[in-house]
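Asker: Show me how the following folds:
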Amino acid sequence: MAQLLLVEDDATIGNVLQASLASSGHEVTWHCEGRPAIEFATTAQVDLVLLDLGLPDIDGIDVCRRVRAVQPGCVIVMLTARHEEMDVVVGLEAGADDYLIKPIRLGELLARVRAHLRRVVAAGSDETQVIGDLVVDAGRRRVTVAGEEIALRTKEFDLLARLAAEPGVALSRNQLMADVWDTNWFGSTKTLDVHVAALRRKLESATDAAARVPQIVTLRGFGYRLEET
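Answerer: Below is the predicted model of the structure:
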């Protein structure tokens with residue numbers, strides 16, 4: 001049974017989501033404000049967080065950062081009425097893995113939750129990919145470059161593991177979204193670009209100049225490729 005944390009101040013939306021998620025077999029803890037949600041996240045194991053950004057006591061972006069700090073392995077899905085792309089980018093850079101724009105379609109939300117939780121469960125593959133000085137250990141969900149471990153968030157690891165599974169192969173944006181996020185994904189794929197940018201920063205900053213670090217190459221109008229240097 002998955003442990004879900006719902007942070008939503010609208011009672012109508014909260015009641016519907018809690019009942020629907022519980023009926024799908026999940027254990028759901030619901031908080032209407034950010035501070036109690038952060039406190040809960042520091043004391044309990046959480047598999048997935050549904051986080052409204054428009055909270056009455058503290059901005060949802062701050063909640064996202066603080067929950068990510070204490071729950072590095074959980075999935076965080078933002079629920080937002082903020083339609084500006086920059087707001088979504090800020091949320092993703094704060095540690096969120098995914099987002100849904102309000103008004104939320106219940107069927108889409110439940111499908112996203114199922115997809116994210118499947119990927120959490122399926123993360124037990126024991127394959128290890130070695131590309132130059134990069135080692136991606138899927139079994140232990142551990143990444144090292146020249147022997148130095150790099151801390152990655154859940155989706156950052158999943159994305160790097162997917163690229164490393166086929167080094168040198170051009171992978172389309174749609175294929176990466178389907179494999180790492182959701183086979184039924186539709187709408188903006190900005191979350192992919194944000195995660196690629198984060199991976200590039202971490203790979204570059206964690207190594208010295210002599211390390212052989214593969215590069216994530218942008219294929220304009222198509223997708224990305226992990227290329228050995």
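Asker: what domains does the record give for this protein?
Answerer: For the chain, the structural domains run 2-117, 128-227, going by the TED database.
Asker: Return the residues in contact with D98.
Answerer: D98 makes contact with 75-78, 112, 116, 155, 181, 191, according to C-beta atoms under 8 Å, 6 or more residues apart in numbering. Where you see a C-beta, it was placed from the backbone N, CA and C, and this is true even at glycine.
Asker: coming back round to it: for the domains of the chain, which has the smallest mean pLDDT value?
Answerer: Ranked by mean pLDDT, those end with domain 128-227 at the bottom, a mean of 87.
Asker: mind listing which of the contacts of D98 are in strands?
Answerer: Mapping the contacts of D98 onto strands (DSSP state E) picks out 75-78.
Asker: CA atoms of stretch 204-224 as PDB?
Answerer: These are the backbone C-alpha positions of stretch 204-224, laid out as PDB (Å, rounded to 0.1, in the frame of the first residue of the first chain):
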ATOM      1  CA  GLU A 204      29.500  19.000 -14.600                       C
ATOM      2  CA  SER A 205      29.900  20.300 -11.100                       C
ATOM      3  CA  ALA A 206      30.600  17.000  -9.400                       C
ATOM      4  CA  THR A 207      33.700  16.200 -11.500                       C
ATOM      5  CA  ASP A 208      37.200  17.500 -12.300                       C
ATOM      6  CA  ALA A 209      38.300  18.400 -15.700                       C
ATOM      7  CA  ALA A 210      40.100  15.100 -16.300                       C
ATOM      8  CA  ALA A 211      37.000  13.000 -15.800                       C
ATOM      9  CA  ARG A 212      35.400  11.400 -18.900                       C
ATOM     10  CA  VAL A 213      31.800  12.500 -18.400                       C
ATOM     11  CA  PRO A 214      29.200  11.700 -21.100                       C
ATOM     12  CA  GLN A 215      27.300  14.700 -22.400                       C
ATOM     13  CA  ILE A 216      23.500  15.000 -22.800                       C
ATOM     14  CA  VAL A 217      23.200  16.300 -26.300                       C
ATOM     15  CA  THR A 218      20.100  18.300 -27.400                       C
ATOM     16  CA  LEU A 219      18.700  17.200 -30.700                       C
ATOM     17  CA  ARG A 220      16.700  20.200 -31.800                       C
ATOM     18  CA  GLY A 221      13.100  19.400 -32.700                       C
ATOM     19  CA  PHE A 222      13.600  15.800 -31.700                       C
ATOM     20  CA  GLY A 223      15.000  14.900 -28.200                       C
ATOM     21  CA  TYR A 224      18.200  14.000 -26.500                       C
END
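Asker: Thanks a lot, catch you later.
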